[in-house]
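K.L.:
Got a predicted model here, sequence first, then my questions.
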Amino acid sequence: MCTYADAIERKGILKGIEKGIEKGIEKGRFDTLASLVKDGLLSLTDAAKRAELSTDEFRLKAGL
């Protein structure tokens, strides 16, 4: 039998998993943009716009 505490714990775990997946997708998207800039296939300005960052923020975060 499931207690109220178990239900709340399960809800918290599922919420944590969802946030983790979202962060992973966001990181993968950023890493892809950074890779495209490094390979010369996308301009720094365009990549920064797509990442919703300034060019300086993008450059710093991507290690360019």
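P.N.:
The structure has been received and is ready for your questions.

K.L.:
helices or strands next to the helix ranked longest in the chain in the packing?
P.N.:
Using DSSP state H to assign secondary structure, the helix with the most residues in the chain is helix 4-38. Counting contacts by 3 or more CB pairs under 8 Å, 6 or more residues apart in numbering; DSSP states H and E, helix 4-38 is packed against helix 44-50, helix 55-62. Yep, even glycine has a C-beta here, placed from its N, CA and C like the rest.

K.L.:
Now do the longest one, average pLDDT.
P.N.:
The reference is to helix 55-62. On average, the pLDDT along helix 55-62 is 95.

K.L.:
which strands and helices sit next to it?
P.N.:
helix 4-38, helix 44-50.

K.L.:
From Ser35, how far out is Gln24?
P.N.:
You called it Gln, but residue 24 is Gly. Using CB to CB, to the nearest Å, one gets 16 Å for the distance from Gly24 to Ser35.
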